[in-house]
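Sequence and computational prediction follow.
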Amino acid sequence: MSKPRLYSGMQPSADSLQIGNYIGALMQWRDLQEAYDAFFSVVDLHALTQPNDPAELREKTRRTAAQYIAAGIEPSKSTLYVQSHVPAHAELSWILSTITGFGEAGRMTQFKDKSQRYGADATSVGLFTYPVLMAADILLYQADIVPVGDDQKQHVELTRDLAERFNSRYGTTFTVPMPVIQQDTARIYDLQNPTAKMSKSAESDAGVLWLLDDPAVSAKKVMRAVTDSEGSVRYDREEKPGVSNLLVIYAALTGRQIPSIEDEYAGRGYGDFKKGLAEVVVAEFGPVRERALALLSDPAELDRVLAANAARAEAVATRTLADVYDRVGLLRRA
Ligand code: ATP
Ligand code: LTN
């Protein structure tokens, strides 16, 4: 029996990933790659919907790929590639856009939020069709499951609708994928503003733990994390968002349960607790950072790995695309 398929991806929107990406996505991807035939992409075409310096985008794309590998995604086990290396993504996206309603795309909350933030003149058609390209990513590979954060759930629902619509119009062509939404406990908040999600594009960097930061810098950020005046290490998301966030990070990185960590630090101050967490953070991310920097010191080798993986991805994607072209009635080139 072949393994079920999995698809997920991240935008190369920063030089380094943050630990929310690591805990909320990469750790799960790493575990899931055993039981699934997994495809992980660096979605550089999606990143073009944001202003980018061309040289920086290329660099961020490599760096994101290197961090996937450094975090444990194995390019010999999973297919780890750059979206733009497989032209079928853009091609299927066009076909899918012809069966997507204008109103349907306009109801996507990410588009509504971003277009409101940028204003009508700075809002591109690419931002509007972003979810259609995402649907093409997923459907090209006949993915059974798509692990994503909460915020992407609506896009996976749209993907399901488009797959069902295409299948009923042209005959069964696509697997209808299931979203796998990460648990709320896997949501990491900003260390300085613990009610806001930690994010690559946060305004201030003081509360963001970067995977590629010097471990000493990360340790310092942990020591300075916002807590409260109660002084007891106890999980309470409403009353103690700062401490609760630190407990979640501690538990996620050690595989321990929160109550056992609360017990360990009962009667001790936040200083001790933060010191303990800083050690955990340094122990976990030190080696990840070293691996990523080693990979980045040999970009030619990294590019070869990505090229080999893109070839694997392309073999799957072109098969789906050819089927789609036939079904919609495009004349085959002789
Ligand atoms: P950006 O600021 O560029 O939107 P981001 O850091 O918020 O980036 P995404 O690139 O949108 O992250 O997300 C990549 C993956 O990481 C998604 O699966 C998302 O759910 C997960 N993720 C991002 N931030 C967090 C977080 N703070 N906690 C848990 N998971 C997160
Ligand atoms: N939009 C997603 C990134 C993304 C993706 C995908 C995730 C692009 N294509 C396909 C899962 C499957 C994001 O911003 N996190």
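Here it is on my side, so go on. Ligands and ions are numbered 1, 2, ... in the order given.

where does residue 247 fall, phi/psi-wise?
Here is the backbone geometry of residue 247 (degrees, to the nearest 10): phi -60, psi -40.

mind checking how far it is from residue 105?
Here the distance between residue 247 and residue 105 works out to 40 Å (C-beta to C-beta, to the nearest Å). (C-beta placed from N, C-alpha, C; glycine too.)

Repeat that for residue 234.
Going from residue 234 to residue 105 by C-beta to C-beta gives 45 Å.

now swap in residue 209 and tell me
Distance of residue 209 to residue 105, given as C-beta to C-beta: 35 Å.

Neighbour count: residue 247 and residue 105, which is higher?
Legend: neighbour count by other C-beta atoms under 10 Å for residue 247 and residue 105, higher for residue 247 (25 against 16).

OK, contacts around that one?
233, 235, 258, 261-262 (C-beta atoms under 8 Å, 6 or more residues apart in numbering).

how far does the lengthiest helix in the chain sit from the chain's center?
Determined from DSSP state H, the single longest helix within the chain is helix 299-328. When distances are taken as C-alpha atoms, centre = their mean, to the nearest Å, helix 299-328 is centred 20 Å away from the chain's centroid.

With stretch 87-96 instead?
In terms of C-alpha atoms, centre = their mean, the centre of stretch 87-96 is found 21 Å from the chain centre.

C-terminal to the strand or helix carrying residue 248, which secondary structure element comes first?
Per DSSP states H and E, residue 248 falls inside helix 241-254. Tracing the chain C-terminally past helix 241-254 and defining elements by DSSP H and E, one meets helix 258-264 next.

what's the average pLDDT for that next one?
In this model, helix 258-264 carries a mean pLDDT of 97.

again, but for stretch 206-219
Model confidence over stretch 206-219 averages 96 on the pLDDT scale.

how about it as PDB, C-alpha atoms only?
Included here for stretch 206-219 are C-alpha records, laid out as PDB according to Å, rounded to 0.1, in the frame of the first residue of the first chain:
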ATOM      1  CA  ALA A 206      12.300  42.100  20.600                       C
ATOM      2  CA  GLY A 207       9.700  39.400  21.200                       C
ATOM      3  CA  VAL A 208      10.500  37.200  18.300                       C
ATOM      4  CA  LEU A 209      12.900  34.200  18.700                       C
ATOM      5  CA  TRP A 210      14.600  33.600  15.400                       C
ATOM      6  CA  LEU A 211      15.800  30.100  14.500                       C
ATOM      7  CA  LEU A 212      19.100  31.600  13.100                       C
ATOM      8  CA  ASP A 213      19.800  34.100  15.900                       C
ATOM      9  CA  ASP A 214      22.900  33.600  18.000                       C
ATOM     10  CA  PRO A 215      21.800  31.400  20.900                       C
ATOM     11  CA  ALA A 216      23.000  34.100  23.400                       C
ATOM     12  CA  VAL A 217      20.600  36.600  21.800                       C
ATOM     13  CA  SER A 218      17.700  34.100  22.100                       C
ATOM     14  CA  ALA A 219      18.600  33.400  25.700                       C
END
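
Which positions in it come out as buried?
By 16 or more other C-beta atoms under 10 Å, the buried positions in stretch 206-219 come out as 207-213, 215, 218-219.

and what of stretch 148-161?
Neighbour counts over stretch 148-161 (16+ other C-beta under 10 Å) mark 148, 152, 154-156, 158-161 as buried.

so where's the stretch 201-334 of the chain uncertain?
Nowhere does the stretch 201-334 of the chain drop to pLDDT under 70.

if you set the cut-off to 90 instead, what comes out?
201-203, 334 (pLDDT under 90).

near ligand 1, which residues of this structure show up?
With C-beta under 6 Å from any ligand atom as the criterion, the chain meets ligand 1 at residues 10-11, 13, 18, 20-21, 23-25, 148-149, 186-188, 197-201.

run the last query once more with 5 Å
Counting by C-beta under 5 Å from any ligand atom, the residues of the chain close to ligand 1 are 10-11, 13, 20-21, 24-25, 149, 187-188, 197-201.

Can you tell me which of those is nearest residue 275?
Checking the residues of the chain next to ligand 1 against residue 275 by C-beta to C-beta gives residue 188 as the nearest, at 19.6 Å.
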